[in-house]
Structures are given as C-alpha cells and as structure tokens.
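Undergrad: fold the following and give me the result.
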Amino acid sequence: MIGDVFKALMQVSDPKFLNVFIRGVAMTVLLLVSSIMALLWALPNSISVPWFGELVWLTPLLDGFAVISMIGLSIILMIPVATICIGLFLDRILDAVEAKHYPDARLVRKVGIRETIIDLLSFLSLFIVINLLALVFYPFLPFVFWIVNGVLLGREYFHMVAIRHVGRKEAKALRRNHGLKISIAGTLLAMPLTLPLLNLVIPIFGAAMFTHLFHRLAAK
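TA: Sure, this is the predicted structure:
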C-alpha cells in the first residue's frame, strides 16, 4: 500500500491530473459557494419577537453564524462533493495512470455518464445517512469520523475503478475479499480530506492510489 501511495504522489503533476484538478476544484468551489449563498438567501431579512418587536441587531449575527456553520460543515461536505466532482472525470485519471504503469490493462466496459451519476448519488445518500447516524460520536471521538468516512471512501473509490475492469459482480467480490485493505486505504485518504486546500488535491491523488491498489489486488 505504501508503494501505491508513492506511485500516486509521483504522478500528481501529470498534465492530465492538472486538467482534472482544475475542473474538479472549479466544480467543488462552485457547489460550496452556491450552498452558502442559497442558505443566506433563505434566511429572513429581519427577525421579530413578540413584545420586543424587530431585532435588527440579530440578523447580521445570524448571517455570520450561518456562514461560519457552512464553512465548518464544508469540511464534512468536501468528502462527497469532491468525490462526485472527481468521479465525473475519473476516466482521465485512470487513462493517465494505466498508460504509464499498466499499458497492457484493458477496460472491460465503458461506464456511461448516467450510470456514473447514479452511482455517485447513491454514494451521497449513503454518506449522508451514515454520517447522521455517527454524528453523535464526532465531538467526543474525532477519529471515528476518519474511520467511518474512510470505509465509505474506500468502498466508493475502489468500486469506481474496479467496475471498469471486471464489472460490478467481480468488483463486489474483490471488495469483500480485500475489505480491510480497502478500508485502511480509504481512511488514509479521509484524514487529509479534513484539511483546507489540501482536500482539493486529495481526491485526484486518491483516484490514482486506488487504481494502483485495484491492479495489485486483482493480480493476486
């Protein structure tokens, strides 16, 4: 797994990676900014309380709290948002990694945009449900956040790579047989995803790392 990490790191400056990085970052920032703007638009322009009337001073405080909350929430939201954005351009990363390291690899099937979007929305739904259930543990046991989302990330990234080479049925079998390794790799990916700026690069690195991981496990 250490070898997978270093191989991925050595190729981060690849022009194809940079192209995906620019597209992915643009989409990620656009989605997060749009979410904050939508929240501010939904907040009332003024707040009135019975017997006290309109509380003019409370509105800017509420707006500031909402923005700070969204910035904090973006640390959690960055994981599914970045995964979705990178997932849409995954073929470019796979092509670059396999052209350099696995020239004999052949895709069994081409995953269409509709199928990709369905898979990514399914991941988003699962991510939201699992994190809501685990939310009570995060303030007291922060490492639980990394483990929970590491398992989810490992499952999704490995799935996105594997189905292109062996199909859905065999991809699930590989994931079951190597679940622990995949979850550990996903956790290594989840930890830096909570760091601002670095979390913009990690999804691309993760896609490359899981490409190496898939080929290594599939070869066994």
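Undergrad: could you pull out the strands for this protein?
TA: Counting by DSSP state E, the segments of the chain that form strands are 48-49, 53-54.
Undergrad: distance check, Ala171 against Gly87.
TA: Distance, Ala171 to Gly87, by C-beta to C-beta, to the nearest Å: 15 Å. Heads up, the C-betas are built off the backbone N, CA and C, glycines and all.
Undergrad: apologies, that question was intended for Phe210.
TA: 12 Å.
Undergrad: comparing these two, which residue is more hemmed in?
TA: Shown here are Phe210 and Gly87; by other C-beta atoms under 10 Å, Phe210 has more neighbours (29 against 21).
Undergrad: contacts only, for that one.
TA: 4, 154, 157-158, 160-161, 185 (C-beta atoms under 8 Å, 6 or more residues apart in numbering).
Undergrad: enumerate every residue touching the residue nearest to it when sequence neighbours are not counted.
TA: Closest residue to Phe210 apart from its sequence neighbours, by C-beta to C-beta, 6 or more residues apart in numbering: Tyr157 at 4.1 Å. The contact partners of Tyr157, by C-beta under 8 Å, 6+ apart, come to 83, 186, 189, 206-207, 210.
Undergrad: scan these and report the most crowded one.
TA: In terms of neighbour count, Phe210 stands highest of the contacts of Tyr157 at 29 neighbours, by other C-beta under 10 Å.
Undergrad: relative to Phe140, how far out is it?
TA: Using C-beta to C-beta, Phe210 is found at 31 Å from Phe140.
Undergrad: on that earlier part again, in the contacts of Tyr157, find the pair that's most separated.
TA: Largest separation among the contacts of Tyr157 by C-beta to C-beta: Gly186 and Ala207, giving 12.3 Å.
Undergrad: let me see the contact set for the residue sitting nearest the centre point of the chain.
TA: Nearest residue to the geometric centre of the chain (C-alpha atoms, centre = their mean): Thr83, 3.0 Å. Contacts for Thr83 (C-beta under 8 Å, 6+ apart) come out as 120, 123, 153, 156-157, 203.
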